[in-house]
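Participant: Make a model of this:
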Amino acid sequence: MTTESTLKASKSSGPIVEMTGIIKRFPGVVANDRIDLELRGGEVHALLGENGAGKTTLMNVLYGLYRPDEGEIRVDGKSVTIRSPKDSIKLGIAMVHQHFALVDTVTVGENVVLGLRSTREPLLDLENVSKRIDELSKRYGLEVDSHAKIEQLSVGERQRVEIIKALYRNARILILDEPTSIITPQEAEELFVTLRSMASEGRAVVFITHKLPEVMAVSDRVTVLRHGKVVANIETKSTSLSELAEKELPTGSEEREGTIGKAVLEIQNLWAQSDKGIPALRDITLTVHEGEILGIAGVAGNGQRELAEVLTGMRKATQGKVSILGIDMTNASPGEFIEHRVGHIPEDRLGTALIMDFSISENLILEVRSKPPFSNKWFLPFNKRYFLNFKEIRQNAERLVREYDISTPNVDASARTLSGGNLQKLILAKILSRNPKLLVAAQPTSGLDVGAKQFISDKLRAQRNKGLGILLISGDLNEVMSLSDQIAVIYNGKIAGILPASTADVMKIGLMMGGAG
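Facilitator: Numbering: from 1, shown residues only. Just a heads-up that it's a prediction; the model follows:
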């Protein structure tokens, strides 16, 4: 049967792919918990859910990047074992990831046929390859120059190359992971036309997204995941934005203790650029008070990382003002923010917060090693030196290890020997022992087990109740809602709205996070 006739047959028959009872575990978390999913020819199927819901993990299982711990996959009604992407490609499954798998220094044509046998071995038949790419480009509206090198292409053009790679291999099931997160709105509209065209020929198209309007615009069916489980599988035409938001997002917040004091952080009309040189923060205005947790709710990639970096001296603002306790700290250095009692739990706990080969006791004094009681200063004519007080350093470490329940044989062990939960406790101990007035906490419980998450959450609440101002940035909406006093929703680098957590409407938050609020 030819490829086109196969596609037409799949469009009129039952599901192409059936995933039944899929379980995928990682240390401390069940990413996919007995998931059932059908993919049908002729449909665009949206996978919707908050960060960490298990969407990408499930598709990585189908594509062969992960092996399921339990469950069955059937393709065309036959049970299959997918050990690697090579197996999935043979079955007609292709996946376009957020981070493209392209070789920058070679041409589009060479990338498209990478890994395929040539009809003119040992030579490449690039002339015929280019003709085929041109045919696919015109047929699906994927304009791209087959002779251009990848490094010469825009992000949108690179995405088209990835889709052409899949079509060149006659993919019947095409998975796109957050495809609109890195392209312009105009390119997104063009992509939707392409997806509809591919589905109309009988392909099953999977569209992983967090943007509710896009789900309504392009999909035929939507599966909603929450905490690794399917909570809804419905036809798009029979639902609405508000219903999807309600299904996607959790509920619940907890009452606070203590009182709210003066402003510790004031952000006025703040702008900053991403690493790509485009605006990542757009006219942000926020205030955090003593004894308050302000939670930032939003899907990853909407400016959260850049916001944390600007507030800790790791990224320059292009416009606006940042004040700490009334002092202008705009574009101050990381050291100056520390001196003005700003603490930071970074998203990258291994690369930024700790020196992994240093001992626990050494890591605990990284920012205060030159200050009493951890050192004695000596002033020379052309130098300022200090000598470490090892007795005080050890006593400090032993006290904090007990207080923060850090599991380690001794304080001389390197940070590298600690588990993820104990590393985060170490970071929290290091920061809070400096008595900051503002804490910028980015993804403070990400990847931790239930016990470690609860410990970190309890510590943050306790410090809030003692007067610490906390800016909480988290992709876990449960965490944001349970810890925060106020919730600011960020979308596309802008604050879409600020709501009191005690009366926050989860449906409204979901719409705002998806750009539909």
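Participant: Mind telling me which residue is nearest the centre of the chain?
Facilitator: A300 (4.3 Å; Cα atoms, centre = their mean).
Participant: Which positions in stretch 360-367 come out as buried?
Facilitator: 360-365, 367 (16 or more other Cβ atoms under 10 Å). From N, CA and C alone the C-beta is placed, and that goes for glycine too.
Participant: Need the pLDDT of E157.
Facilitator: Per-residue pLDDT puts E157 at 87.
Participant: immediately after the strand or helix carrying it, which helix or strand?
Facilitator: Using DSSP states H and E, E157 sits in helix 155-168. Moving toward the C-terminus from helix 155-168, the next helix or strand (DSSP H and E) is strand 173-177.
Participant: from the chain's centre, how far out does that following strand sit?
Facilitator: 18 Å (Cα atoms, centre = their mean, to the nearest Å).
Participant: quick check: angle from the next helix or strand after it to helix 155-168?
Facilitator: Downstream of strand 173-177, the first helix or strand assigned by DSSP H and E is helix 185-200. Between the axes of helix 185-200 and helix 155-168, defined by axes from the mean of the first three to the mean of the last three Cα atoms, to 10 degrees, the angle is 10 degrees.
Participant: helices or strands next to the helix or strand harbouring M507 in the packing?
Facilitator: Using DSSP H and E, M507 falls within helix 506-513. The contact analysis (3 or more Cβ pairs under 8 Å, 6 or more residues apart in numbering; DSSP states H and E) places helix 506-513 against helix 241-248, strand 293-297, helix 477-483, strand 486-491, strand 494-500.
Participant: Can you say which of the ones you listed is nearest to L354?
Facilitator: helix 477-483 (22.1 Å; Cβ to Cβ).
Participant: And the closest one, what does it pack against?
Facilitator: Helix 477-483 sits against strand 293-297, helix 450-465, strand 469-473, helix 506-513, with contacts defined as 3+ Cβ pairs under 8 Å, 6+ apart.
Participant: Could you dump those into TSV with distance to P15, mean neighbour count and mean pLDDT added?
Facilitator: Listed next are the helices and strands packed on helix 477-483 as TSV, based on distance: least, Cβ to Cβ, whole Å; neighbours: other Cβ atoms under 10 Å; pLDDT from 0 to 100:
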stretch	distance to P15	mean neighbour count	mean pLDDT
strand 293-297	35	26	94
helix 450-465	35	17	85
strand 469-473	39	26	96
helix 506-513	29	22	78
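Participant: Take those and lay them out in TSV including distance to R402.
Facilitator: Output for the helices and strands packed on helix 477-483, formatted as TSV (distance: least, Cβ to Cβ, whole Å):
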stretch	distance to R402
strand 293-297	26
helix 450-465	14
strand 469-473	24
helix 506-513	39
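Participant: between those, which gets nearest to I355?
Facilitator: Comparing the helices and strands packed on helix 477-483 by Cβ to Cβ, helix 450-465 comes nearest, at 21.0 Å.
Participant: I'd like to check what contacts stretch 328-340. Which residues are they?
Facilitator: 311-314, 316-317, 320-325, 327, 342, 344, 367, 434 (Cβ atoms under 8 Å, 6 or more residues apart in numbering).
Participant: And those, which of them are buried?
Facilitator: 311-314, 317, 320, 322-325, 342, 344, 367.
Participant: out of those, which are inside strands?
Facilitator: 317, 320, 322-324, 342, 344 (DSSP state E).
Participant: so where is this protein shaky, pLDDT-wise?
Facilitator: Scanning the chain for pLDDT under 70 picks out 1-13, 28, 51-52, 118-123, 181-185, 248-258, 372, 377-386, 447-451, 517.
Participant: Domain ranges for it, per the record?
Facilitator: 3-247, 249-341+436-517, 355-435 (automatic domain parsing).
Participant: Of all those, which one is nearest D348?
Facilitator: Taking those one by one with Cβ to Cβ, domain 249-341+436-517 is closest: 8.8 Å.
Participant: May I see the buried residues of the helix holding E157?
Facilitator: Buried residues in helix 155-168 (16+ other Cβ under 10 Å): 156-168.
Participant: which residues touch that helix?
Facilitator: Residues outside helix 155-168 that contact it (Cβ under 8 Å, 6+ apart) are 94-96, 100-102, 108, 111-113, 132-133, 136-137, 140, 142-144, 150, 153, 174, 176, 179, 182-184, 187, 191, 194, 198.
Participant: What angle do strand 173-177 and that helix make with each other?
Facilitator: If you take the same axes, to 10 degrees, helix 155-168 sits at 160 degrees to strand 173-177.
Participant: Dump helix 155-168 to PDB, restricted to CA.
Facilitator: Coordinates of each C-alpha in helix 155-168 appear next as PDB, following Å, rounded to 0.1, in the frame of the first residue of the first chain:
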ATOM      1  CA  VAL A 155      13.800  29.900  14.700                       C
ATOM      2  CA  GLY A 156      10.600  29.600  12.700                       C
ATOM      3  CA  GLU A 157      12.400  28.300   9.600                       C
ATOM      4  CA  ARG A 158      14.300  25.800  11.700                       C
ATOM      5  CA  GLN A 159      11.000  24.500  13.000                       C
ATOM      6  CA  ARG A 160       9.800  24.100   9.400                       C
ATOM      7  CA  VAL A 161      12.900  22.000   8.700                       C
ATOM      8  CA  GLU A 162      12.100  19.700  11.600                       C
ATOM      9  CA  ILE A 163       8.500  19.200  10.200                       C
ATOM     10  CA  ILE A 164       9.900  18.600   6.700                       C
ATOM     11  CA  LYS A 165      12.300  16.000   8.100                       C
ATOM     12  CA  ALA A 166       9.200  14.100   9.500                       C
ATOM     13  CA  LEU A 167       7.300  14.400   6.300                       C
ATOM     14  CA  TYR A 168      10.300  13.300   4.200                       C
END
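Participant: how about the nearest residue to V17, chain neighbours excluded?
Facilitator: L39 (4.1 Å; Cβ to Cβ, 6 or more residues apart in numbering).
Participant: just A148 next, same as before
Facilitator: Nearest one to A148, counting by Cβ to Cβ, 6+ apart, is V108 at 5.7 Å.
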